[in-house]
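Colleague: Please find the sequence and the predicted model below.
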Amino acid sequence: MVGKLLPAAALSAALFFGVTGAQAAETVRLAHTANISHVHHEAAQQFAKNVAARTNGKYEIQVYPAGELGDQPALAEQITLGALDMAVVSLGNMAMYDRRLNAMTAPFLFESYDHAHKVIDSFVMKWMNEGLAEHDAVGLSMFDYGFRQTTTQNIVVNSADDLKGVRIRVPPATGLLAAFDAIGANTQKIAYSELYTSLKQGVVDAEENPVFTILADSLFETQNQLALTNHYFDCQVFLANKTFFENLPEEDRKIFEEEALKAQNLTREKIANGEADVVKELQAKGMNVTTPDRNSFVEKMQLAYEKVSELSGKEAMDAVLDAVKQAK
């Protein structure tokens, strides 16, 4: 937390300028789970550097990447307990604190990046923070993680039926599991840290992730097929412990808010505009790319939506669907 001295093992992504003697910088810890080659790490470093510069070195924001302080459920818990100042955590993982957020894990909600951004800006942020306030957490902005795609080994996917019975690793997010269960895939819950090995050893034949993750974590080495299913828009909230954030001086709090939005916009620019280039790079690395029939998936999603609605509550699901409709 602010003001505490931390182990030298921490990766300091911030510089502080002109601070001497008794004016030592106040330490702020910011953790995420992305690889250091991922844009989320770049955004976190930008945030740290800019806050330090704009406050004349008052804050030294130490960035802990790649799950150094734990996986996302652990980071979320540390934020809510006040043991961590800031973190980047998926909405699916925050649903353990506010069940309504399960609604945002529903598949095929958004038609494009622009559509998703409109819903996030006009509805999701305020709606999300109403529920998180009870858990001493506040979202400052929302990082793009990208539309999730499906990869397989030696299984060409042109429609939902091509995935029937296929052993696929799916993260525990409600909507993702429900979506692949709905099309008859053989879903497997495997920790992400074990995914690469599981794919290499043939424990599962498929997985799903944004193309940036497929590239950054070398999943293309274990999978030779990439199906652009766009089944889920993945975004991760840039969280702060609410008590920590509200105790910042007003002028500093404004700087944190402004730089959080700039970090968000960096992820939006690089994820949305860079996706096509990443797909080309994965092709160059040997992946065959297909664009499956979207309707073949959507027409099977009724059971998935029922499952998500059951967990989020019908009112929450209806609110999200209404916001999605209005933003079209």
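Modeller: Thanks, I have the structure now. Numbering: from 1, shown residues only.

Colleague: mind listing the strands for this protein?
Modeller: Ranges of strands in the chain, per DSSP state E, are 26-31, 59-64, 86-90, 137-152, 167-169, 186-188, 206-210, 225-241, 288-290.

Colleague: what would those look like in a markdown table with mean pLDDT, mean neighbour count and distance to D98?
Modeller: Any C-beta I mention is one placed from the backbone N, CA and C, and that applies to glycine too. As requested, the strands of the chain are arranged in a markdown table below (pLDDT from 0 to 100; neighbours: other C-beta atoms under 10 Å; distance: least, C-beta to C-beta, whole Å):
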| stretch | mean pLDDT | mean neighbour count | distance to D98 |
| --- | --- | --- | --- |
| strand 26-31 | 98 | 23 | 21 |
| strand 59-64 | 98 | 23 | 25 |
| strand 86-90 | 97 | 25 | 12 |
| strand 137-152 | 98 | 24 | 9 |
| strand 167-169 | 98 | 20 | 26 |
| strand 186-188 | 97 | 17 | 24 |
| strand 206-210 | 98 | 24 | 24 |
| strand 225-241 | 97 | 24 | 11 |
| strand 288-290 | 98 | 15 | 37 |
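
Colleague: Confirm for me that V156 is in contact with Q225.
Modeller: Yes. Applying C-beta atoms under 8 Å as the test, V156 and Q225 come out as touching, 5.9 Å apart.

Colleague: Give me the number of neighbouring residues for E77.
Modeller: Per other C-beta atoms under 10 Å, the neighbour tally for E77 reads 18.

Colleague: Minimum distance to I255: which of the strands of the chain has it?
Modeller: For those, the distance to I255 is smallest for strand 59-64, at 9.0 Å, taking C-beta to C-beta.

Colleague: now the angle from the closest one to strand 26-31?
Modeller: Relative orientation of strand 59-64 versus strand 26-31 (axes from the mean of the first three to the mean of the last three C-alpha atoms, to 10 degrees): 30 degrees.

Colleague: helices or strands up against strand 59-64?
Modeller: strand 26-31, helix 39-54 (3 or more C-beta pairs under 8 Å, 6 or more residues apart in numbering; DSSP states H and E).

Colleague: For these, give me JSON lines that also has distance to N129.
Modeller: Below are those laid out as JSON lines (distance: least, C-beta to C-beta, whole Å):
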{"stretch": "strand 26-31", "distance to N129": "19"}
{"stretch": "helix 39-54", "distance to N129": "19"}
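
Colleague: what stretches of the protein score poorly on pLDDT?
Modeller: For the chain, the stretches with pLDDT under 70 are 1-22.

Colleague: Could you verify my assumption that T55 touches I255?
Modeller: Yes. T55 is within contact range of I255, at 6.2 Å (criterion: C-beta under 8 Å).

Colleague: of those two, who's got more company?
Modeller: T55 (21 against 18).

Colleague: Buried residues, stretch 178-197. List them.
Modeller: Of all the residues in stretch 178-197, those buried under the rule 16 or more other C-beta atoms under 10 Å are 178-180, 182-183, 185, 187-188, 190, 192, 195.
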